[in-house]
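>>> next input, structure requested:
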Amino acid sequence: MSKCEQCIVREFSSLKALTKDELIKLSDCKTSHIIKKGEVIFEEGENVNGIYCIKDGVCKLTKLSANGKDHIVKLVTKGELLGQRSMISDEPVNLSAVALEDMQVCFIPKSEVMGYFDKNNQFSMNVMKSICGDLKEADDHMVNLAQKTVKERLAETLLYLNDTFGKNEDSSLKVQLSRDELASIIGTATESCIRLLSDFKKLGLIELTGKKIVLKDINALKKLAE
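Below you'll find the model as predicted:
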């Protein structure tokens, strides 16, 4: 993998505030990893002792619920950092990270990253802004669960997957989620999710081929998601 100072991906994260000398030093201590689809990057309760920078690919962040099921909290893609909150709070991670597709990630030790908090104020501010953004997303998600219907949440999630991760050449959503995963994101039972997808298909909003989903009427989905 490329050196940190040559990596375009860092421009999308808190690391963009680091100087060239800091990036060269960072590059010397990072380790690069290939994570296969379905593999765990870290598990809830684990002491990670650093951060992961996603160079390529998508992973899901999950929380184990009281009934033993994994609930998907967030999807994370290239340019984002994993483990910032637990690194600063000096606590084990409270979520698990699992690859939804083959990924390239770089691990940066906590001992190296924490040194920049004293030396680089802009880096510190960027990390804090990123964590605040996560909190705002969590607040918005809670409000959605409380106020929007499952149908509205499904439409919103399909649009989010389209806008954030894009489409394949056949126009299907690039990130392919199982029905269980999709149900977990919108906060409903798998059976309800399957039924709603079937309803959306009958209404001409989407096309379904196995796990593949093609959005046919984006404007109608936007109206439904409001």
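>>> buried stuff in the helix ranked longest in the chain?
Looking across the chain with DSSP state H, the single longest helix is helix 121-147. By 16 or more other C-beta atoms under 10 Å, the buried positions in helix 121-147 come out as 123-124, 126-127, 134, 144. The way it works is simple: take the backbone N, C-alpha and C, and place the C-beta from them, glycine included.
>>> likewise for stretch 58-66?
In stretch 58-66, counting by 16+ other C-beta under 10 Å, buried: 58-62.
>>> now, which of these sits nearest residue 30?
Nearest to residue 30, judged by C-beta to C-beta, of the buried residues of stretch 58-66 is residue 59 at 18.0 Å.
>>> mind checking the SS state of the residue positioned nearest the centre of the chain?
Centroid-nearest residue in the chain, with C-alpha atoms, centre = their mean: residue 76, separated by 1.6 Å. What DSSP: H, G, I helix; E, B strand; the rest coil gives for residue 76 is strand.
>>> now do it, the pLDDT please.
With respect to pLDDT, residue 76 scores 91.
>>> beta partners of the closest residue to it other than its chain neighbours?
What sits nearest to residue 76 in space, not counting adjacent residues and going by C-beta to C-beta, 6 or more residues apart in numbering, is residue 59, at 5.4 Å. Per DSSP bridges, the residues bridged to residue 59 are residue 76, residue 99.
>>> from residue 165, how far off is residue 59?
According to C-beta to C-beta, to the nearest Å, residue 59 and residue 165 sit 12 Å apart.
>>> anything in contact with each of the two?
When contacts are counted by C-beta atoms under 8 Å, 6 or more residues apart in numbering, residue 59 and residue 165 have residue 75 as shared neighbours.
>>> rewinding a little: quick check, nearest of the buried residues of helix 121-147 to residue 98?
Checking those one by one against residue 98 (C-beta to C-beta), the nearest turns out to be residue 134, at 17.9 Å.
>>> ok, now which ones touch that closest one?
74, 85.
>>> pLDDT score for it?
84.
>>> over to residue 3?
pLDDT, read off for residue 3, is 72.
>>> could you do the one 3 residues further on as well?
Reading off the confidence values, residue 6 has pLDDT 69.
>>> likewise the one 4 residues further on?
Per-residue confidence for residue 10 comes out at a pLDDT of 66.
>>> what's the answer for residue 30, then?
If you check residue 30, the pLDDT there is 89.
>>> surely it meets residue 108?
Yes: here residue 30 lies in contact with residue 108, judged by C-beta atoms under 8 Å, at a distance of 5.0 Å.
>>> quick check: neighbours shared by the two?
Going by C-beta under 8 Å, 6+ apart, residues that sit against residue 30 and also against residue 108 are residue 53.
>>> all strands of this structure, in order?
31-35, 40-42, 50-56, 58-64, 70-77, 81-82, 96-99, 103-109, 206-209, 212-215 (DSSP state E).
>>> turn the ones you listed into a markdown table, columns for distance to residue 17.
Formatted as a markdown table, those follow (distance: least, C-beta to C-beta, whole Å):
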| stretch | distance to residue 17 |
| --- | --- |
| strand 31-35 | 22 |
| strand 40-42 | 24 |
| strand 50-56 | 14 |
| strand 58-64 | 24 |
| strand 70-77 | 20 |
| strand 81-82 | 12 |
| strand 96-99 | 24 |
| strand 103-109 | 14 |
| strand 206-209 | 41 |
| strand 212-215 | 36 |
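>>> can you tell which of those is closest to residue 19?
Checked against C-beta to C-beta, the stretch from these lying closest is strand 103-109, at 15.6 Å.
>>> ok now the closest one, how far from the chain's centre?
15 Å (C-alpha atoms, centre = their mean, to the nearest Å).
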